[in-house]
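S.K.: sequence plus predicted model, see below.
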Amino acid sequence: MSQVQQRQRSWSRFAKNLNFPKAADAKARLSKMSNPQDMFKRLQRMANDAGRRGGAGPPPKGMATAVGGGIALVALLMVGNNALFNVDGGHRAIKYTRIGGVGKQIYGEGTHIKIPWFETPIDYDVRAKPRNVASLTGTKDLQMVNITCRVLSRPRVDALPQIYRTLGTDYDERVLPSIVNEVLKSVVAQFNASQLITQREMVARLVRENLSKRAARFNIMLDDVSLTHLAFSPEFTAAVEAKQVAQQEAQRAAFVVDKARQEKQAMIVKAQGEARSAELIGDAIKKSRSYVDLKRIENARAIAQIIQEAGGRNKMYLDAEGLGLNVAEGYEDKSKKA
């Protein structure tokens, strides 16, 4: 059998399996064709007509193998993707298995393997997270105060399985608001309203110590605790301002009184000094008139110095008798007595 005849038989079988309405005529025509190219074109045209009509035949032998391989590859990729999980930077993970529950192993940063459907990874952010908690509480002297506490918290890495069993993944929402409010109320009640301002550092230290002890019971670590806001009621603020104004006015009045007292004392001392000075001058005059002559000479010298500093620009004539500057009078009296 020649090669052309073999091709004709194979194409005849394929045309028969296509189940065309006129398959017998197609088979007869194929047997009459001697050119393979014409036969291939004719079969291709017949296959297109059959596809438009809805007819179909069996696929080629390699088609099923290729489709099966593609499906197997896709399934393998899906299984491989589901068998891996990533832990980001600053995070830790634990596993929950359907048989053993929460495992004790802590998974660090990177890619890890899991069994799909059987194991479920649970991710935790172990970085410090800030949280502001506001509380309205009362002081020792029954004054209401609004206080805000800022907390930096993070979970204990070695206690993540226990945290998941008891609190879940939202541990901070469950624990921090309640314990922060309780600690703030207990600490603020130990101080007066004024002490909260003057002793704020001590208040913050007590809050930090008590809050760290309470959070440690829930395996939560606190990196920092600070009091960021402190506000009193408007009535108390107005009373404090009025008290400060009254204190300032009292201090000002005390200063004025003290100043007047000091001035009075200075005047008394000055008067006493002048009286004592006059008494001494009188005694000196009684004993001798030389003191009076000395004063006349000093006054005349002072006046002469003033006139000299003026440069003689203004000429003045002074009455020596009226000013008590007649220095020569003393000498004349002495000469007459002699």
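M.R.: Yep, it's here. Please read all numbers here as calculations on a predicted model, not as lab measurements.

S.K.: can we go C-alpha only for contacts and neighbour counts from here?
M.R.: Will do.

S.K.: can you give me the helices in the protein?
M.R.: Along the chain, counting by DSSP state H, helices occupy 3-17, 23-32, 36-53, 61-82, 160-166, 171-188, 193-198, 200-216, 234-287, 290-309, 320-323, 327-337.

S.K.: least reliable of the ones you listed by average pLDDT, please.
M.R.: The minimum mean pLDDT among the helices of the chain belongs to helix 23-32 (a mean of 49).

S.K.: what is the neighbour count of the residue lying closest to L222 once chain neighbours are set aside?
M.R.: Spatially, and ignoring its direct neighbours in sequence, L222 is nearest to S153 (4.5 Å; C-alpha to C-alpha, 6 or more residues apart in numbering). One way to gauge burial is a neighbour count; for S153, by other C-alpha atoms under 10 Å, it gives 22.

S.K.: repeat that for the one 5 residues further on.
M.R.: Close neighbours of D158, defined as other C-alpha under 10 Å, add up to 13.

S.K.: now it. Nearest residue, chain neighbours left out?
M.R.: Distances taken as C-alpha to C-alpha, 6+ apart put I106 closest to D158, at 7.4 Å, once the chain neighbours are dropped.

S.K.: so how far is A250 from that neighbour?
M.R.: Note on I106: its distance to A250, by C-alpha to C-alpha, to the nearest Å, is 68 Å.

S.K.: circling back: my read: the residue nearest to L222 touches F218, true?
M.R.: No: applying C-alpha atoms under 8 Å as the test, S153 and F218 come out as separate, 11.7 Å apart.

S.K.: quick check: domain ranges of this protein?
M.R.: Taking automatic domain parsing as the domain assignment, the ranges for the chain are 3-58, 84-125, 129-232, 288-337.

S.K.: circling back: mind checking how far the residue nearest to D158 is from K213?
M.R.: 25 Å.

S.K.: equivalent analysis for R276, please.
M.R.: Using C-alpha to C-alpha, one gets 79 Å for the distance from R276 to K213.

S.K.: my guess is I122 meets I94, correct?
M.R.: Yes: with contact defined as C-alpha under 8 Å, I122 counts as touching I94 (5.3 Å).

S.K.: quickly list what's touching both of those two.
M.R.: Overlap between the contact sets of I122 and I94, as judged by C-alpha atoms under 8 Å, 6 or more residues apart in numbering, is nil.
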